[in-house]
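*Asks:* Compute the structure for the input listed below.
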Amino acid sequence: MIYHVSKRRSGKSRLNGLSLLEVVLALAILGAAGAMLAQSLQVATDAGVTARDQALAELLAESKLSEVIAGAYPINQNIDWTPIQTVVDSGRWHFKIVSQPTMTEGMLAVQVWITDDPQMQTARPMQVMLSRWMIDPNMGLDTLPEDTSSTAASDTGAQP
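*Replies:* Model prediction:
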């Protein structure tokens, strides 16, 4: 009979693989990193939505101010919150126009306000205001004087 005796190495033997503690620690680190990534993704998404809404409100304010300048809305009358009809989000946005006299005679400060919450029921409503000084239409300064050059030319032509 032959007995086969295996020889053991002296000292510590090295096992291949990971211990349970190492696996649990790696999973905990991976989970914490995933949670932080998800939180930062949520913050970035919220900031993107806010930036989009801010840009849209600014465009709507510029558009309404251009309509006031063009004469679509009276300059010297205040208009309370009115829904804006748009292709996207129709009725979500509202505008109002406020005219105030300035310290300069014959001028009005016209403000166009845009908001997504006219009753201010939400904690952080989106609001944009644009202001422009315009000539007061009650002063009559926005009309040209009568043309007197044709009568003056005919009077000078009649003299010898």
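
*Asks:* ok, Leu59 to Ser66 distance?
*Replies:* Applying C-beta to C-beta, to the nearest Å, the value for Leu59 to Ser66 is 11 Å. (Each C-beta comes from the backbone N, C-alpha and C, glycine too.)

*Asks:* cool, Ala51 as well?
*Replies:* From Ala51 to Ser66 the distance is 23 Å (C-beta to C-beta).

*Asks:* How about Leu37?
*Replies:* 43 Å.

*Asks:* what does Val128 give?
*Replies:* Remark: distance between Val128 and Ser66 (C-beta to C-beta) = 14 Å.

*Asks:* Same question for Gly34.
*Replies:* Gly34 is 48 Å from Ser66, by C-beta to C-beta.

*Asks:* can you pull the contacts of the nearest residue to Arg92 once chain neighbours are set aside?
*Replies:* Setting aside the residues directly before and after it, Arg92 is nearest to Asp116 in space (C-beta to C-beta, 6 or more residues apart in numbering), at 5.7 Å. With contact set as C-beta atoms under 8 Å, 6 or more residues apart in numbering, Asp116 has these partners: Asp53, Ala57, Arg92, Trp93, His94, Pro125, Met126.

*Asks:* Confirm Val98 sits in a strand?
*Replies:* Yes: with DSSP: H, G, I helix; E, B strand; the rest coil as the criterion, Val98 is assigned to a strand.

*Asks:* In the sheet, which residues pair with it? Tell me.
*Replies:* Beta bridges link Val98 to Gln111, judged by DSSP bridges.

*Asks:* dump the residue contacts of it.
*Replies:* So Val98 contacts Asn78, Val110, Gln111, Trp113 (C-beta under 8 Å, 6+ apart).

*Asks:* Mind putting those into TSV with neighbour count?
*Replies:* Shown next, in TSV, are these (neighbours: other C-beta atoms under 10 Å):
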residue	neighbour count
Asn78	12
Val110	21
Gln111	18
Trp113	20
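
*Asks:* What's the local residue count around the residue nearest to Gln85 when sequence neighbours are not counted?
*Replies:* Closest residue in space to Gln85, ignoring its immediate chain neighbours: Gly91 at 7.2 Å, by C-beta to C-beta, 6+ apart. A total of 9 residues lie near Gly91 under the criterion other C-beta atoms under 10 Å.

*Asks:* Perfect, I'm done here.
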